[in-house]
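Novice: Provided below for reference: sequence and predicted model.
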Amino acid sequence: MPSAMNIITHPLLKVQELFERNWTETNDRDDFGVTEYFQNQFDTKEKLSKIPLLDSKSVDRLPLHSLVRFRCMVQDTELSQEVALFASASSTNPDENNVITSVVYDYLTNVSITSILNLIRFYYFKLVCHRYSDGPRDEAALGSDPSQDLMDLRNSYYCVSIPGESEWIRKYEQKPNVGLETAVQDLRLENSQKSSKVLQERFPFAGQDHFAAVVKTHSSDVSIGVTDMVEVIGVLGASDKVMTGDGFEIHDESDGPRIPTVHAILMRKVEDHGHPELNVDGLPSKDDVEHLTKEALAIRKELIDYIASALKGDTLAAEFVLLHYLARVHSRPSGTVLGKFSLNLKESRSGTPVFEDLARITKNLLPKVHALPLTLKNLNDEFYFPRGDEQLSSGVLQVTRGTALLMDETALEEGTLVEKGLKNLKAISNVSLSQTLSYVFPFNNIDFQTDISLLIVSLGNSLVPVDCAITLKPKESPGTVTPPTEEQLRSFRKYISVLRLMEYKFSEEMAKEIESEFMEQRKAATAAGTTLMTPNELAFDISLARLVALSRGEQCLTKTSWDQAVALSKQVKARG
Amino acid sequence: MSQPRTPRTPRTPATPRQGQFRMPQTPQTPRTPHGGEGPSSDIPSSPGLHYPSSPPHGSSQGFGASSPLPFPSSPAFNVQYRPGQTMYNAQTPSRFSSRLGQSEMSSPIAMPPSSPQLRSNIVSSNLRSEGMYGTPREGRSDLPETPRRMRGDVVSSPQVARHLRARAEPTSELVPSTPFPPSENYDPTHVVKMVWGTAVEINEVIRLFNDFLRQFKQKHRIVQENPHATSITHSENQPFYPQLLEQMAASNARQLNLDCQNLLAYRPSNKLHGLLVDYPAEVLPLLDFSLNEFFLDLFPDVDLKGDSLMVRPFNLGKTVNTRDLGPEDIDRLVTVKGLMLRTSSIIPNSEAERGRITEPTKCPRQECGALNSMSLIHNRGEYADKQVCRMQEMPESIPDGQTPQSISLVVHDDLVDVCKPGDRLEITAVFRGVPVRVNPRQRTIKALYRTYLDVVHIKKSDKKRLAIDSDIANQDGKKPAYQGGDEIEVQKEDLIAKIREISQLPNLYETLARSVAPSIFEHDDIKKGVLLQMFGGTNKTFQKAGSPRYRGDINVLLVGDPGTSKSQILQYVHKIAPRGVYTSGKGSSAVGLTAYVTRDPDTRQLVLESGALVLSDGGICCIDEFDKMSDATRSVLHEVMEQQTVSVAKAGIITTLNARTSLLAAANPIHSQYNHRLPMVDNIDLPPTLISRFDLLYLVLDIVNETSDRRLARHILSLYLEDAPQTAGTQVIPIDMLTSYISYARNNCHPVLGEEASASLIQCYLDLRKLGGGKQITATTRQLESMIRLSEARAKLRLSNHVEKEDVEEASRLIREGLKESAMDPRTGLLDMDLLTTGQGSYDRGHLEDMRKELLTLLNASDKTTLRWTEVLADFNAQSSVGVSEEQFSRVLSELEQQQYVKVQGKRGQRVIKKLTGGQDRD
């Protein structure tokens, strides 16, 4: 059995081997067992972790045409489509090659290319597979006669490192036995992708360092789309200029930045948080769920205290923040969005702002967080929505599903909001209301579905319509909270990431219960002449109940959770 | 494709070309003006190549068509001026001067325009130079003059070209300089010749196409589409193409739009279709050739002026998505749909050798022989138009989560500038691949190909037919089926079958209504109204009446309590309506809704930019928070809603823009909660004139009702329940299907009123008017018009072209339901249209008279001449048994004021009422 190391350093040898063994002219050109083979080779997390991660530090260290792992966000699926060499004939003796070619031509003027190819292949040539590589390395092997070559269609995705990835993820990923040498190397190596404008525009957060690569895939699978978080296992290709879709500027000699290519063999979508301790596809294992449903109540309590420490001891607000962490869009039946829970914390004017603390704590707990002050300048200068002409430029809101976005509206000052700022604000509102983001293209806008947890800290009501707004009430004397241990933090993180994705349903009895409660309330309200409970409020309570139940580790709604949810919703209203 | 082109040696001095290179008498003064050459002498930036002169005997001789030269085509030097081509005459040729006539690498676009034939490029490329067919004939009269214009979009393969030349000029000697062993008896007319690597057999193709042109009749097409078709008219039984060609000859058209479905319909030519798709580069020139032959056969007297006819094939039968184009499609003919993103400016492409010419470095005259002294005379050169465009795939065909893909197009000759950015197109083109160079200065290429499309035919999807020579196009066979008139194209047969199937549902109307915003609970009548609005009535123009246009658009206003999902309905409609625009009243200004004039930042020219209403021309404009709109903004709506236009008169632009839009507006009651004790008009802060322009007016109220509350709660819960039991039982049509259904109905159904329907309409209208019992006005002609529109919409919904009685009844029911809520006077319980039209019901008018008298007595009772407004109101209210609102009070006062009893002075709180003596006297 070939050692795993061998496959990692020389994956192309394996590809060629599989090609020679499995590929024939007639069979399906799509795959010759490569995907399957690599899937089997790296079927566990353990084995996967042996493949080196590609990032800005390791890119210069990793040898060309070696196997790499790349966790990234797909920023644009439509770099131009390419027709590339799939296999070409090569022979050890180029002179002989030419002679044969001409002989063949003389005698076979009227036969199909396929039969010539077969002939050539059979007698004189060896077909070399170029899939998963940058093409033949020596020029002589190519171009003598293109008619013999087999072509391949491949899609290029522009991928960037995951926006807003928290620092603790890195620690989880890092192998404990990293050699001192590489560590030192990593320290010395500077990010080779200089902050070029072209690259910066394609990353959601302006001014942040990131790593970008072009991922080329041969599969025609379209399930991977923009802002998907993917893990790519592939062959590292040469660094090249970013090809924009425009084929007419190939000869444009501008010094575009060069970014590496990854020829994807496996490309896996990672759901939601992508917590490194969960399965490769981002979903929790059964054991995790079982374990956490038991511990949920205990962890919940500690976690609320921890969050409250950032909110000056306001445990009610902290509970809502926790529920907000657990919310995600879980279904979109016929035009509505269920599960979103954008939260607005209304701060009183006095006292120190809570945003900094909240951002710090959120970054400690969630894997993907971005905190940004919503200043007038930010709104007017930056783009929050992606827009594309030739290339798709990114915007702040183009982030992966499950990213938490913290906005500090207290930073907003008076002044003029220009058109761009208005559009930005509109984009944020759309995310908050319907979790869709409109990408602006020259003659049409296309809506993409998002799942961004939006948390806005503001003075008074926020400019952005939210699902839930709560006024902060600092405790008079917040007791000193000891910061959680690393152990505790680990359990917090897992708690959030697992419970978010837990299955949830509620029984018919519970439904009846809620139904009659609603009717009675409305009747009572009419009798008392107070305002009626609207359907929207009912919907809010139901979605709140789901979060409460999840936070308590319940997979099925209980009366306790429902009552708690109703109580919570009343308390929020009472605060005004 | 990548081989170095063999440098062309300059012709010997004995064969000077017709003055392409200007030849100055002395090398020192290279720019001796030539008589009649005009601007050429002013070219400042010609490359520094000057040729010493040879006698310019050719310069006045005209064009290649009649050239007596022994070398029929030596395109390397064929850069000359053609008066027939006007595209560049107006431009300064110097703009392009540095680009032309240099090596291929500097051609305006990097892509070599010739086909890099991945498949069949075996023949060494120096044969390309013969890539021109149709040469001047010499002294032969039996063969018509074959034009010599080259096709821009496809470069015929060398073999084909050679063959065609041989056919056209059988006497000429052929110099076989090919790697093929020339056969001994090389006779172009007898040998079966295949183009290498293809299944194209030259003579057969020509024969087949000729036969097709002569024989094809429209009936073939009809029979193919419907084998049982019986009625075939005489004209359909005539050979079709001779008629078409006759028209082309009359209109001087040079393009034959060949509907490839016709090739399939005429059985003998079926093979041709396959060949054309697979080997366009080989087959197209052959088709051109036989078309020209056929044409000149038919019309020997027509002077083509050097042009040749071109075949532009379209409608291959299968449209592919740009996404699905793969390596196997390279060099094949494909039909692709897309949205034009941008176009380049026109690139003059040298006629010679597709933009590639090698400039002579040395004067060919032996006596001279000066080096680097030739200069190119641009305006004597022949240039073809070329344009490079980007086309994006159709927004509808983008898979979920993917960004739209775009592809480059290269457009030639007549097709240049046919389409503008933003157009939706269906193009037929040859899919090409060119290797990417690692470095422009190196010959090495990467194992990577860029792809683009060489366009042969453009059809605008949103117009009925292509833009070029549309008069012919209309004659050209049957209209291609199912051309969507609006944004959304309903194309597929199976989709139409599905739509037909839905239209047969027993409870179609209810099902469709339920499918509108299924997440919103109940409000069935509102959903029905909105649904009919989306279908719309029929727009009518009556020539006789002389009136411009009767609107078929239905306007709907929703008024209701907050939190009753009005906005959701609006959002939903916006999502599925064709060209929906959604605005919020608060955020809209008058110009934002209509149109505004700005200065273009680049050109400083005035530009008219359309606002929401103009943008939703032909669609539905959804305005939320209608009541919060400023009065000035709302006033523009008056014109839009009845005249369906927006007039702009500002900053030097006076124009009327179409705004044929339906309006769906939502408003909140004045005091946020609807007051049931007051009539509708008093509940909403909208002028009655505007309200009356809405066809349907709905109150969306939150009423406590046990059963409906229960169903409401159940409905919300069912969204969360895994196996939603509530919605499972009822059938809902998915949103995209509903969209297709509506757009299909809108485009294909134009219902008309029948006898029975008209009678029933009249009856319904009379019934409605009778409701008032003679005193009140319950319906006006506006309601009648609304009723007509609604019943038309209802007929459209059934995909019917006739309005039936039931449609009218439903329309009348909807209007009555709407009126019951909105025009009911809660104080009398009667319907009163005046409430809507004037804001005052008849009850009010009677009431007002009483109040006037009372007030007068009250005023007279006081001995002061000036009274405080507020005080009088308070006193008056204390007296009256019914509460008098400020509004009513001021209405009464103003009436008194008109009768000169009193005078109101001051503003707001400081208002005082001054008694006037004159009025009193009269009383």
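Specialist: That came through fine. Numbers count the residues shown, from 1 in each chain, chains lettered A, B, ... in the order given.

Novice: Worst mean pLDDT across the helices and strands of chain A, which element?
Specialist: helix A:94-107 (a mean of 42; mean pLDDT, DSSP states H and E).

Novice: Report the distance from stretch A:404-419 to the chain centre.
Specialist: Between the centre of stretch A:404-419 and the centre of its chain there are 25 Å (CA atoms, centre = their mean, to the nearest Å).

Novice: Tell me which residues touch B:Ala517, please.
Specialist: A:Gly335, B:Lys527, B:Ser565, B:Gln568, B:Ile569, B:Tyr572 (CB atoms under 8 Å, 6 or more residues apart in numbering or on different chains). Any C-beta I mention is one placed from the backbone N, CA and C, and that applies to glycine too.

Novice: How many residues are close by the fourth one?
Specialist: The number of residues packed near B:Gln568 is 16, by other CB atoms under 10 Å in any protein chain shown.

Novice: Most proximal residue of chain B with respect to chain A?
Specialist: Residue nearest to chain A within chain B: B:Gly401 (1.9 Å; CB to the nearest CB).

Novice: Would you mind listing what in the stretch 351-500 of chain A touches chain B?
Specialist: A:Gly388, A:Asp389, A:Glu390, A:Leu392, A:Tyr439, A:Phe441, A:Pro442, A:Phe443, A:Asn444, A:Ile446, A:Phe448, A:Gln449 (CB under 8 Å from any CB of the partner chain).

Novice: Pick out the most distant pair among those.
Specialist: Greatest spatial distance among those (CB to CB): A:Glu390 and A:Gln449, at 24.5 Å.

Novice: what's the pLDDT at residue 323?
Specialist: As the question left the chain open, I've gone with chain A. Per-residue pLDDT puts A:Leu323 at 90.

Novice: I was thinking of chain B, sorry if that wasn't clear
Specialist: Looking at B:Arg323, its pLDDT stands at 76.

Novice: how close does the nearest residue to it once chain neighbours are set aside sit to A:Glu201?
Specialist: Closest residue to B:Arg323 apart from its sequence neighbours, by CB to CB, 6 or more residues apart in numbering or on different chains: B:Gln405 at 5.8 Å. Going from B:Gln405 to A:Glu201 by CB to CB, to the nearest Å gives 20 Å.

Novice: again with A:Val262
Specialist: The spacing between A:Val262 and A:Glu201, counted by CB to CB, is 21 Å.

Novice: ok, the two, which is more surrounded?
Specialist: A count of neighbours by other CB under 10 Å puts A:Val262 above the other of A:Val262 and A:Glu201, at 26 against 16.

Novice: The more buried one: helix or strand, and which one exactly?
Specialist: strand A:258-270 (DSSP states H and E).

Novice: Name the residues of that strand that are buried.
Specialist: Buried residues in strand A:258-270, counted by 16 or more other CB atoms under 10 Å in any protein chain shown: A:Ile259, A:Pro260, A:Thr261, A:Val262, A:His263, A:Ala264, A:Ile265, A:Leu266, A:Met267, A:Arg268, A:Lys269, A:Val270.

Novice: same question, stretch B:318-337
Specialist: Those would be B:319, B:322-323, B:325-327, B:329-337, for stretch B:318-337 by 16+ other CB under 10 Å.

Novice: Please identify which of those residues is nearest to A:Val566.
Specialist: Looking across the buried residues of stretch B:318-337 and measuring by CB to CB, the closest to A:Val566 is B:Arg323, at 49.8 Å.
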